[in-house]
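Novice: using only what follows, build the 3D model:
(one chain, ligands or ions: 2)
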Amino acid sequence: MPLTEFNTPEKYEYQTGFLANLETEAIKGALPIGQNSPQKCPYGLYAEKISGTAFTAPRWENQQTWVYRIIPSAAHSSFEPLTSGDRLEAKFNHVPNQLRWDPFDINTDVDWIQGLHLVAGAGDPSVKNGVAYYIYGATKSMAEKSAMYNADGDMLVVPQTGALDIQTEMGHLLVRPNEICVLPRGIRYRVQLVDDEPIRGYILEVYNGHFQLPELGPIGSNCLANARDFQIPVAAYAHDTTSEWKVYNKFCAKLFCSTQNHTPFDVVAWEGRYYPYKYDLGRFNTIGTISYDHPDPSLNTVLTVTSNAHPGTAIADFVIFPPRWLVAEDTFRPPSYHRNCMSEFMGLIKGSYIAKDGGKGGFQAAGASLHNCMSSHGPDAGAFEKASNEKLVPVKVGTGSMAFMFESCYMVGVTNWGLRACQKIQSEYSEESWGGLKDLFNPPKSLN
Ligand SMILES: O=C(O)Cc1cc(O)ccc1O
Ligand SMILES: [Fe+2]
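Specialist: Numbers count the residues shown, from 1 in each chain. Ligands and ions are numbered 1, 2, ... in the order given. I've put the predicted structure just below:
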């Protein structure tokens, strides 16, 4: 039995299969048979194609979906810029210090859009190159007749507090803490709270490419995240061509808004492989050593965005540290001290993390840390002391915990909000973690 908390059926229905070419119709017969664009679509629907990749992208990475809808999405007023979107601007301060944040606040009386804060990132969405990391926190659902889409990139959403009830053009998704979802570039969605429970979590946005399952190499054809465990909505539509709807758009890291007199959630049937999906982290099949030493955390990659220029070097990896058995013999079991040419942004959904024993505030759920390109880090003094002296019996670690990492080949900078305005930076982090490491050097006496 997988280690998931979510084996009971939920209110929404899903189809499964990562990147499978799927078809779904809320009314039987709504999908044209054998063609995409008949002269007249069934039931007076309009055909609209959404391309997630260039038309000529290779087959393995080509992603598109045909939707059959009541009114085409083109029918809207012009988009007007919103100054409240300045907090999403991709302006980053690059600092080499190790950084750690206390748990982020959930501001009251804000919805998903108002509660999005860009904390760190790199690059520029206008050239489709870079990553952006957000903290979201909200206490109310998005307005009833509103929707959002993001032209800048795919967003991988990691809820930490509260479930997200997400209506999308392709159907409904319920995403709870310890699950994740991916909202692809351009797809309209609306986020609602469940039972009024406030929401908070993290987002990894990639300006380039799309998420893929990592190659498994010698691991073989199963393990880590299995394709069958990714859940995709079935078509679900509303019929509303009379009320006024607001459609918000993040475009080149700025917010815009337009209006339209029809719901964006009017897709009666769709077909393709460009869609939002969710995944339960409890289903991850974690692999580790059964002999000695600490394997690299790439072994815990759930999803990756690969760089075409440098195979094996990720634009972004989403890596998790689930409950697992540690059995390595004669081994320092936590990660060693290290400097990484990749940058590591970590968060904690619940519980604790093996390499962090203490410090003022410590590494807490809803907090974060950033260890940038070539910035030294590793176990804090307490974790080192414990791991160097523990009896090496098989031990289950991480029970009730879920830490994760956004690992990127880019040098990740921090926004002004992340460095100052959020007021969550732990100023003593570095000193408290590593300042107390003792000189244990004990050369042979003959050298003295
Ligand atoms: O705690 C970290 O820094 C993340 C991390 C975990 C691990 O198991 C090995 C290397 C690494 O950077
Ligand atoms: Fe690290």
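
Novice: quick one, phi/psi of N416?
Specialist: phi -60, psi -40 (degrees, to the nearest 10).

Novice: OK, contacts around it?
Specialist: By CB atoms under 8 Å, 6 or more residues apart in numbering, the contact list for N416 reads K91, N93. In short, each C-beta sits where N, CA and C put it, glycine included.

Novice: and whatever residue of the stretch 201-350 of the chain ends up closest to ligand 1, how far from T83?
Specialist: Closest residue of the stretch 201-350 of the chain to ligand 1, CB to the nearest ligand atom: P335 (3.4 Å). P335 sits 43 Å away from T83, going by CB to CB, to the nearest Å.

Novice: and if you look at L174?
Specialist: L174 is 33 Å from T83, by CB to CB.

Novice: how about I71?
Specialist: 30 Å.

Novice: bridge partners for the residue most central in space within the chain, pull those for me.
Specialist: With distances taken as CA atoms, centre = their mean, the residue of the chain nearest its centroid is L156 (2.7 Å). Beta-bridge partners for L156, by DSSP bridges, are V182, L204.

Novice: would you confirm that it contacts L204?
Specialist: Yes. Judged on CB atoms under 8 Å, L156 makes contact with L204 at a distance of 4.4 Å.

Novice: pull up the overlap in contacts between those two.
Specialist: F318.

Novice: hang on, G130 in a helix?
Specialist: No. Remark: G130 does not belong to a helix; assigned using DSSP: H, G, I helix; E, B strand; the rest coil, it is strand.

Novice: now do the contacts for it.
Specialist: A90, G121, A122, G123, D124, Y207, N208, Y410.

Novice: looking at those, which is nearest D240?
Specialist: Of all those, D240 sits closest to Y207, with 33.1 Å by CB to CB.

Novice: quick check on that closest one: phi, psi?
Specialist: In terms of degrees, to the nearest 10, the main-chain angles of Y207 are phi -70, psi -30.

Novice: count of neighbours near the nearest residue to A57 once chain neighbours are set aside?
Specialist: Spatial nearest neighbour of A57, chain neighbours left out: Q63 (7.8 Å); criterion: CB to CB, 6 or more residues apart in numbering. For Q63, the neighbour count with other CB atoms under 10 Å is 17.

Novice: Q63: what's it in contact with?
Specialist: Counted by CB under 8 Å, 6+ apart, Q63 has contacts L19, S51, G52, T53, A57, P184, H210, G272, R273, Y274.

Novice: quick check: bridge partners of T304?
Specialist: Here T304, judged by DSSP bridges, has bridge partners Q212, D317.

Novice: test my guess that it contacts G312.
Specialist: No. Using CB under 8 Å, T304 makes no contact with G312, being 10.1 Å away.

Novice: could you check which of these two is surrounded by more residues?
Specialist: Set side by side, T304 and G312 show more neighbours around T304, with 21 against 8, by other CB under 10 Å.

Novice: contacts only, for the more buried one.
Specialist: T304 neighbours (CB under 8 Å, 6+ apart): F211, Q212, L213, P214, A314, A316, D317, F318.

Novice: and what of I425?
Specialist: L99, R100, W101, G418, L419.

Novice: state whether S84 is indeed within a helix.
Specialist: Yes. Using three-state DSSP, the assignment for S84 is a helix.

Novice: how far away is it from G153?
Specialist: For S84, the distance to G153 - CB to CB - is 20 Å.

Novice: do the same with N372
Specialist: 21 Å.

Novice: same deal with Y274?
Specialist: The separation that Y274 has from G153, given CB to CB, amounts to 14 Å.

Novice: try D293
Specialist: Counting by CB to CB - D293 and G153 are separated by 36 Å.
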